[in-house]
Structures are given as structure tokens and as C-alpha cells.
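Peer 1: Give me a 3D structure for the following:
(one chain, ligands or ions: 1)
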Amino acid sequence: MIKLKILGKIYYLFFSNNISSFSIRKRVIYLNPNKIDVFIKILENMLRYIVIKILEDKFNDMLKFKPKINITLSDKYYAYIDVNNKCIFINLLCIVFDKHLIEYIIMHEILHFIIKSHGKLFNTVISWYYPYKRNIERILIEYNIYMKNLKELINKHSI
Ligand SMILES: [Zn+2]
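Peer 2: Numbering: from 1, shown residues only. Here you go, the predicted structure:
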């Protein structure tokens, strides 16, 4: 059994060969071990959709362009941007977070299109949007174990 978090909610994942791809009943996910890629693809699409929604709903006025969204996989970062190509790269493992935490991560990256470095101005603007920035960053770290669990599942599929 693997303990997963998807959008901040806990799920218990079991492998089962009796399932064609996967099924979710309440908080239990049954996944065919040969269809991990299907499951991961759905998580990717979900994250992409959520990021697009966040950009449209929350940060539409902040940028004069629509950034491209790329889903990546990493142990090192949540997200980063490519200013020249107007791209946001977001780590698939961020799907573990609650929506408002994903929003916080996106906000941080969006602001980097305008303010390059983590200086005083950058931090001031962030704290206008998120007065409890420090708390949020502490909460993000509490998800590390779930990021690790999801990473292990993804690795299983690539072996
Ligand atoms: Zn940054």
C-alpha cells in the first residue's frame, strides 16, 4: 500500500491486476501495475488544468501574455520559469498540494516574470498576496513525504 496525497487529500493506493487501469473508491485507489503511466498521465493533465485555471482566475491582470505550461519532474524545485520563452515549468509532484498551495507556487513564479530576484521588493509583493508566507512555506515542507511517495510510484513505472 502506498500513501498518496492528491490535491491535499490522502489516498491509499493498492496494486491490483484485476483492474483494467485504475479505479477510485472513496479514498482507496486500485491501480493495475502495468497502467501506472495512465495514472500519471491523468495527474499531469489535472495539474496542467489547475495551473491554467489559476492563471486565468487569479493572475490574469498581472501578465500581458499567457505563459506556456510545462510539466516536469524533479527533487529540487517546485517550479521555475523561462523568461525568454514565457514558460512556467511546474513539477508534477506539486499535484500533492492543496489547490491554494499550488496557487502560492504559481504566484511566486508569475512574479518572477516581473521581478527577477528574491529581493526586498519581491518579498514585499508576495506578502501583500500572502501575509502568512512563512506558514505556507512550512506547510509545503510537510508534504515532502508525499512528494517522495509519488516519485517512487513514478519511478516504478519507468523501470
Ligand atoms: Zn523564486
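Peer 1: tell me the contacts of the residue nearest in space to the middle of the chain?
Peer 2: Geometric centre of the chain, nearest residue: residue 94, 2.2 Å, by Cα atoms, centre = their mean. Shown in contact with residue 94 (Cβ atoms under 8 Å, 6 or more residues apart in numbering): 47, 78, 79, 102, 105. Glycine gets a C-beta too; all of them are placed from N, C-alpha and C.
Peer 1: possible to save these as TSV with neighbour count, secondary structure and pLDDT?
Peer 2: Shown next, in TSV, are the contacts of residue 94 (neighbours: other Cβ atoms under 10 Å; DSSP: H, G, I helix; E, B strand; the rest coil; pLDDT from 0 to 100):
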residue	neighbour count	secondary structure	pLDDT
47	22	helix	98
78	20	coil	97
79	21	strand	98
102	23	helix	97
105	21	helix	97
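Peer 1: ok, the residue located most distally from the centre of the chain - contacts?
Peer 2: In the chain, counting by Cα atoms, centre = their mean, residue 18 sits farthest out from the average C-alpha position, at 29.9 Å. Going by Cβ under 8 Å, 6+ apart, residue 18 touches residue 30.
Peer 1: Same check on residue 82?
Peer 2: Going by Cβ under 8 Å, 6+ apart, residue 82 touches residue 89.
Peer 1: same thing but at 10 Å, please
Peer 2: By Cβ atoms under 10 Å, 6 or more residues apart in numbering, the contact list for residue 82 reads 67, 68, 70, 88, 89.
Peer 1: Tabulate those in a markdown table, adding columns for neighbour count and pLDDT.
Peer 2: Compiled in a markdown table, these are given as follows (neighbours: other Cβ atoms under 10 Å; pLDDT from 0 to 100):
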| residue | neighbour count | pLDDT |
| --- | --- | --- |
| 67 | 22 | 95 |
| 68 | 11 | 96 |
| 70 | 15 | 97 |
| 88 | 21 | 97 |
| 89 | 18 | 98 |
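Peer 1: Inside strands: which ones of these?
Peer 2: 68, 70, 88, 89 (DSSP state E).
Peer 1: Pull up the pairing partners for the lengthiest strand in the chain, direction included.
Peer 2: As assigned by DSSP E, the longest strand anywhere in the chain is strand 9-15. Neighbouring strands of strand 9-15 in its sheet, by DSSP bridges, are strand 2-6 (antiparallel), strand 28-31 (parallel).
Peer 1: Give me the pLDDT for the nearest residue to residue 33 once chain neighbours are set aside.
Peer 2: Computed as Cβ to Cβ, 6 or more residues apart in numbering, the closest residue to residue 33 that is not its neighbour in sequence is residue 15, at 4.6 Å. On the pLDDT scale, residue 15 is placed at 95.
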